[in-house]
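J.: what's the 3D shape of this:
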Amino acid sequence: MRPSALRVLTASALVVVLSAPVLARAAEPDVRREQVYMSQLSLVLDGARRLFSFCEHHAGTPELAKFGYPLAERYVEMATRMLPSPKLAVAHPHLLLVVENLERALDAATTGDTTGYQKRMRIAREEVANLEAVLKQLKQRPPEQVR
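T.: All right, here's what the predicted structure looks like:
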C-alpha cells in the first residue's frame, strides 16, 4: 500500500472514530426536545380540557365566555410557539386545531352564536381524539392531566 493511501485510510478511520461520540450526542437534543414538547403539550391540552369543562358547565353565559376567551387566545399563542421534535411534528397540527377551534368557539359564545359555538367545540373535541390517536400511533402516551 502506498504511503499516501495509508494516510487517507488512517485519516478516514480517525474521522469515523472521532465522530461516533458526536453523532451519539446529536440524538440527545431530539430526545430532550421530545420530552420538553410532550410536557408543553400536556400543559396546553390540560388547559384546553379545563376550558371545555368550564364552557359545558356555563353554557349560555356570554360573560363567562368572555372570561375564558383570553385564556384560549394564550393557548393558541403558546401552541404556535412550540417546537415539536421531528418525530412528533405530525401531531402538532392537531394540537393547533384543538386550541384554535376552542378559541373560535369561545369567541362565538361571547357573541351568543350558539351554532358557531357548538360547531367549533365539536371540531375541537374531534381534534383532541385525532391528536390522541396520532400520539398512540407514535407510541407516545397521550397526556392526561398535568400533575
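
J.: thinking Asp107 is in contact with Tyr69, fair?
T.: Yes. Between Asp107 and Tyr69 there is a contact under Cβ atoms under 8 Å: 6.2 Å. Bear in mind the C-beta positions are built from the backbone N, C-alpha and C, glycine included.

J.: hey, where'd the strands end up in the protein?
T.: Using DSSP state E, no strands are assigned anywhere in the chain.

J.: Listing request: residues of it with sub-threshold pLDDT.
T.: Across the chain, residues meeting the criterion (pLDDT under 70) sit at 1-27, 142-147.

J.: burial measure for Thr61, as a count.
T.: 12 (other Cβ atoms under 10 Å).

J.: Could you do Val44 as well?
T.: 22.

J.: which residues does it contact?
T.: Tyr75, Met78, Ala79, Met82, Leu95, Val99 (Cβ atoms under 8 Å, 6 or more residues apart in numbering).

J.: got a markdown table for these, with neighbour count too?
T.: Listed next are these as a markdown table, based on neighbours: other Cβ atoms under 10 Å:
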| residue | neighbour count |
| --- | --- |
| Tyr75 | 22 |
| Met78 | 14 |
| Ala79 | 20 |
| Met82 | 15 |
| Leu95 | 27 |
| Val99 | 25 |
